[in-house]
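Novice: What follows is a predicted protein model with its sequence.
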Amino acid sequence: MTARIIDGKQTAEEIKGELKLRIETLKRQGITPGLATVLVGDDPASSVYVNIKIKTCEKLGIASFHHHLPATTSQPELLKLVNELNMDASVHGILVQVPLPPHINETQVLLSIDPKKDVDGFHPFNVGKMVIGEADFLPCTPAGIQQLLLRGGYETDGKHVVIVGRSNIVGKPIANILVQKQRGANATVTICHSRTPDIGEYTLKADILIAAIGKPGFITAGMVKPGAIVIDVGTNQVGTTSEGKSILAGDVAFEEVKEKAAAITPVPGGVGPMTIAMLMANTVKAAELSKA
Ligand code: GUN
């Protein structure tokens, strides 16, 4: 049996369609949702991601305010910009693309963002709210994964979810989201990482396997239980086309795993578009909450 392909592009379009209606309502009330993006330095992958975020804002009618700072920007300079964005009423969401250059303390920068404008859900205040199941803003990639499962009709309640990877952006938050006593959650969650011996022993027990480890093709067919749902968060650049475009590979060996899984996300076109859609959703929510 070949796996069903979980179409992140289509689900993201569905979500953006719903957002358009909410954006129109806000505009009738005199509010245009606004997202400020901050990119420090010239990391090519980060530039690509931020550009997609800006373009999606434009398509949906969200005002976009982009700030591209040189890699030499000092911590006080970056904090000053964030503070200005915190005070700016036309900005409802602030996104500082990570990773930041090594001389900048990422935690300090994330702490400086007004939690009401933290559409990435990375501020420790919002991380805490997520952990107790009272989030205003869920981190975008994990929220996108939950929506893919919910909208795709993949039950998580009582299922064993195995996550490979423990990053603050994906692994840790998706574990916290799926363990909640809530719809689209109620899972038993296991987290594996680079110091887990024999990861395959765990992944073979997964009803839902989430790969977010940043190693191309790491999850092979031998590590997957027949009939599992496989979510691939990997976006590893494995080459460049003759036109200079990145060739992406996921963390899952797609061709062999699709013969074993019941459903699988492709790379690209799986989780990636969902991250963007959830960022837009968080920005619209921030604008809606700003009325209160
Ligand atoms: N870097 C990789 N993913 C993300 C994300 O979702 N938000 C931000 N700010 N930076 C990222």
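Specialist: Yes, it's here.

Novice: after the longest helix seen in the chain, next one along is what?
Specialist: For the chain, the helix with the greatest residue count under DSSP state H is helix 8-28. Per DSSP states H and E, helix 8-28 leads on to strand 34-40 as the next helix or strand towards the C-terminus.

Novice: That next one packs against which elements?
Specialist: helix 44-60, strand 63-69, helix 75-87, strand 93-96, helix 271-289 (3 or more C-beta pairs under 8 Å, 6 or more residues apart in numbering; DSSP states H and E). Quick note: C-beta positions are derived from backbone N, CA and C, even for glycine.

Novice: tell me which residues in the longest helix of the chain are buried?
Specialist: The neighbour-count check on helix 8-28 (16 or more other C-beta atoms under 10 Å) flags 8, 11, 12, 15, 16, 19, 22, 23, 26 as buried.

Novice: I'd like to know which elements it is packed against.
Specialist: helix 44-60, helix 140-151, helix 271-289.

Novice: Could you rerun that using 6 Å?
Specialist: helix 271-289 (3 or more C-beta pairs under 6 Å, 6 or more residues apart in numbering; DSSP states H and E).

Novice: Which residues does stretch 1-12 contact?
Specialist: With C-beta atoms under 6 Å, 6 or more residues apart in numbering as the contact definition, stretch 1-12 has outside contacts at 148, 151-152, 258, 261-266, 269-271, 273-274, 277.

Novice: Just the buried positions in the helix or strand encompassing residue 130, please.
Specialist: For residue 130, the host element (DSSP H and E) is helix 124-131. Using 16+ other C-beta under 10 Å as the test for burial, helix 124-131 gives 125, 126, 127, 129, 130.

Novice: Reformat those as a markdown table; add pLDDT.
Specialist: A markdown table is the format used below for these (pLDDT from 0 to 100):
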| residue | pLDDT |
| --- | --- |
| 125 | 98 |
| 126 | 98 |
| 127 | 98 |
| 129 | 98 |
| 130 | 98 |
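
Novice: Can you lay out those residues as CSV showing distance to the ligand?
Specialist: Conversion of the buried residues of helix 124-131 to CSV gives the following (distance: C-beta to the nearest ligand atom, whole Å):
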residue, distance to the ligand
125, 16
126, 13
127, 13
129, 18
130, 14
